[in-house]
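> have a look at this fold, sequence not included:
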């Protein structure tokens, strides 16, 4: 048995992100049967082993459903992350100043946000910023 082909190729791609609630063989198979044509892997979280297990499930689902599916790897790019150890909500005030600090021992609040980027002070900004 081969892959099911249509006389009219799909002009639209349906992208589904595979994650904690959508990485089982059964769920991936259901997504493929529902029309998912591209599986997105979000590399901003999870380790290589986690994503490899998901990829193995995707390959099995492709074989059993006989549906073709592309793979899209969404890799982590440059980003700043606020370190909020207490994980309490932080409300920023409009038109106020906020200090970004690489000192991750500080507690995050509306006036001070510890971040994960130690080179921020060396970044050149446009004069009009």
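Arrived safely. Note that this is a predicted model, so its numbers are computed, not measured. Residues are numbered from 1 along each chain as shown.

> so which bits of stretch 80-96 are buried?
residue 83 (16 or more other C-beta atoms under 10 Å). (Each C-beta comes from the backbone N, C-alpha and C, glycine too.)

> and that stretch, how far out from the chain middle?
21 Å (C-alpha atoms, centre = their mean, to the nearest Å).

> who's in contact with that stretch?
Stretch 80-96 is contacted by residues 98, 100, 104, 107-111, 113-117, 120 when judged by C-beta atoms under 8 Å, 6 or more residues apart in numbering.

> what's the answer for stretch 57-72, then?
Taking C-beta under 8 Å, 6+ apart as the rule, stretch 57-72 contacts 1-4, 13, 15, 18, 23-25, 28-29, 32-33, 36-41, 55.

> returning to what we had before: buried ones from the contacts of stretch 80-96, can you make that a PyMOL selection?
Selecting only the buried entries of these in PyMOL, with 16+ other C-beta under 10 Å as the criterion:
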select buried, resi 108+113+114+115
